[in-house]
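# just a sequence and a predicted model for now, questions to come.
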Amino acid sequence: MTSFQRLCLFWLVYMAALGIFFPFYALYLGTHAGLSAIEVGAVLSMLPLVGLVVQPFWGQLADRTGARSIVLAVLTIGAGTAQLLLGHASGFVPLLLATSLLALFHTSVMPMALSVSLAVLKHDGRHAFGIARAVGTCGYLVMVVAFPPLLGLVAGNAPGPGGAPAALGSMFPAITVLAIAAGCIAWTLPRDGRVAVRAPHAGFARLARNGPLLRILAYAFCAYLFVNGPIQLFPLFVRSLGGGLDALSRMWVPMLLLEIPLMAWVGGLRLRLGARGLLAMGVVASGLRWAGSAFVHELDVAAVLGVLHGVTVVGLGIGATVYVEEVVPDDLRSTGQGLLAAIGLGLGGILSNLACGWLFDRVGAQATYLGCGLGALLLGIATPLVLPRTGRERA
């Protein structure tokens with residue numbers, strides 16, 4: 001099996017695990033765990049809060065040792081193992097602590113996987129990375145659609161708290177199996193060549209003098225401040241419109257359908273738009289979605305707006321990753337990606353989750369989403385003014 005095929009398989013299995021956790025964890029917290037919206041926001045904030053500290057650490061460990069593939073395997077297996085504790089935690093404080101333990105590993109898997117993939121597939125053609133990542137989205141889509149009926153088939157459809165299935169807690173052992181399998185695949189990835197380049201020292205001083213990197217970190221912080229909270233609380237938004245687990249599962253289908261072809265063609269988009277163009281596209285799309293959601297009162301209309309999710313993931317998620325890859329030296333690529341995740345999804349995500357949870361409880365979903373949507377729109381339009389062109393873009 002080639003490196004490209006193994007990376008495709010890794011993304012498929014790992015994203016399948018995320019296809020259970022990401023859409024349904026907030027629903028589990030708001031129904032089975034009985035938490036309020038602000039408590040759900042606080043628990044979810046533990047992921048970026050802990051990530052803020054550990055993501056640069058894991059990035060530095062990978063860069064100093066050159067063992068990026070091994071670090072990726074350890075992180076993925078650790079995240080899968082930690083999922084088991086979530087199913088046994090009950091109450092606000094235990095869930096807060098169990099989510100914090102999960103965050104020690106889970107939050108660093110994605111930036112490390114991106115760092116490894118970009119290095120391994122550097123010379124496999126401009127579409128190789130996009131195709132591998134698109135395969136991951138396919139795994140996510142299959143699982144987000146298949147999990148509710150599989151849950152009903154295996155454990156029955158008896159209703160539990162908040163109308164969610166009583167057996168929703170079985171999501172955690174299912175995620176564990178998939179994540180550990182993905183970690184075993186990561187263990188077989190290449191450990192030489194560009195993926196094994198070592199940094200001679202910590203390199204933080206070099207990065208602190210890197211103007212474009214500092215700009216993208218500030219930009220990512222603002223972007224996730226407007227983007228992260230609304231998507232984390234999306235299950236509660238669906239419930240406010242009268243939808244349950246099945247409706248939430250169905251609404252993820254249009255959210256992912258456009259993402260798959262866009263992700264597969266991200267190499268072509270990168271060539272035509274550059275990293276800044278991708279970023280502007282993603283943030284503006286997010287702004288349009290959340291601002292539009294403020295005026296939605298039907299699930300079908302919200303599902304149509306959900307198509308913009310794929311544009312956001314490709315534009316913001318991949319655009320920011322590519323921008324960092326183009327402005328950071330090869331030997332510090334994992335540290336750069338770790339800092340991006342820590343400042344963007346970390347610090348920005350913490351404030352976004354807490355603020356949106358507080359607003360959701362006090363002013364409702366519509367006003368919360370309108371504020372986030374307008375903020376994202378303004379930031380996306382200002383992208384060319386905030387971020388300088390990279391060397392690749394100038395060339």
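That came in fine, so what should we check first? Owing to the predicted nature of the structure, the values given are computational and were not obtained by experimental measurement.
# quick one, helices of the stretch 101-250 of the chain?
Here the stretch 101-250 of the chain has its helices, by DSSP state H, counting those that start in this stretch, at 128-155, 171-187, 204-208, 211-232, 234-240, 245-257.
# now the longest one, how far from the chain's geometric center?
Centroid separation for helix 128-155 versus its chain: 15 Å, with C-alpha atoms, centre = their mean, to the nearest Å.
# relative to helix 171-187, how tilted is it?
Helix 128-155 and helix 171-187 are oriented at 150 degrees to each other (axes from the mean of the first three to the mean of the last three C-alpha atoms, to 10 degrees).
# buried sites along helix 128-155?
128-141, 143-145, 147-148, 151 (16 or more other C-beta atoms under 10 Å). C-beta: built from backbone N, CA, C; applies to glycine.
# what's the closest of the helices of the stretch 101-250 of the chain to Gly66?
helix 171-187 (15.4 Å; C-beta to C-beta).
# buried ones in that closest one?
171-172, 174-176, 178-183, 185-187.
# neighbouring contacts of that helix?
Residues from elsewhere that reach helix 171-187 (C-beta atoms under 8 Å, 6 or more residues apart in numbering): 6, 9-10, 13-14, 16-17, 20-21, 24-25, 28, 69-70, 72-81, 83-84, 86-87, 113, 116, 143, 147, 151.
# just the helices in the stretch 251-395 of the chain please.
Using DSSP H, counting those that start in this stretch, helices in the stretch 251-395 of the chain cover 259-264, 266-293, 299-305, 308-312, 319-327, 333-341, 349-363, 365-381, 383-386, 391-394.
# can you list those in JSON lines and add mean neighbour count, mean pLDDT and distance to Trp58?
Shown next, in JSON lines, are the helices of the stretch 251-395 of the chain (neighbours: other C-beta atoms under 10 Å; pLDDT from 0 to 100; distance: least, C-beta to C-beta, whole Å):
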{"stretch": "helix 259-264", "mean neighbour count": "21", "mean pLDDT": "86", "distance to Trp58": "24"}
{"stretch": "helix 266-293", "mean neighbour count": "22", "mean pLDDT": "90", "distance to Trp58": "23"}
{"stretch": "helix 299-305", "mean neighbour count": "16", "mean pLDDT": "84", "distance to Trp58": "35"}
{"stretch": "helix 308-312", "mean neighbour count": "23", "mean pLDDT": "90", "distance to Trp58": "25"}
{"stretch": "helix 319-327", "mean neighbour count": "25", "mean pLDDT": "91", "distance to Trp58": "15"}
{"stretch": "helix 333-341", "mean neighbour count": "29", "mean pLDDT": "87", "distance to Trp58": "6"}
{"stretch": "helix 349-363", "mean neighbour count": "21", "mean pLDDT": "83", "distance to Trp58": "17"}
{"stretch": "helix 365-381", "mean neighbour count": "20", "mean pLDDT": "91", "distance to Trp58": "28"}
{"stretch": "helix 383-386", "mean neighbour count": "14", "mean pLDDT": "92", "distance to Trp58": "28"}
{"stretch": "helix 391-394", "mean neighbour count": "12", "mean pLDDT": "60", "distance to Trp58": "26"}
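# nearest to Gly357, of the buried residues of helix 171-187?
Met171 (21.5 Å).
# measure the closest one to Leu86 for me?
Using C-beta to C-beta, to the nearest Å, we find Met171 at a distance of 9 Å from Leu86.
# repeat that for Ala205.
In this view, Ala205 and Leu86 are 39 Å apart by C-beta to C-beta.
# again with Leu257
29 Å.
# which of the two has more neighbours?
Leu86 (24 against 16; other C-beta atoms under 10 Å).
# if we can go back for a sec, which PyMOL command selects the buried ones in the contacts of helix 171-187?
To isolate in PyMOL the members of those that are buried, counting by 16+ other C-beta under 10 Å, one can use:
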select buried, resi 6+9+10+13+14+16+17+20+21+24+25+28+69+70+72+73+74+75+76+77+78+79+80+81+83+86+87+113+116+143+147+151
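# centroid-nearest residue for the chain?
Here the mean C-alpha position of the chain is nearest to the C-alpha of Met110 (C-alpha atoms, centre = their mean), at a distance of 7.2 Å.
# now do the contacts for that one.
Counted by C-beta under 8 Å, 6+ apart, Met110 has contacts Ala341.
# give me the pLDDT for Gly125.
Looking at Gly125, its pLDDT reads 74.
# what of the one 3 residues further on?
pLDDT for Ala128: 86.
# sorry, back to before: what do Met171 and Leu86 both touch?
Tyr25.
# the residue lying closest to Lys122 once chain neighbours are set aside: neighbouring residues, count only.
Nearest non-adjacent residue to Lys122, counting by C-beta to C-beta, 6 or more residues apart in numbering: Arg194, 5.7 Å away. Other residues within reach of Arg194 by the criterion other C-beta under 10 Å amount to 16.
# which residues does Arg194 contact?
Listed by C-beta under 8 Å, 6+ apart, the contact partners of Arg194 are 119-120, 122, 330.
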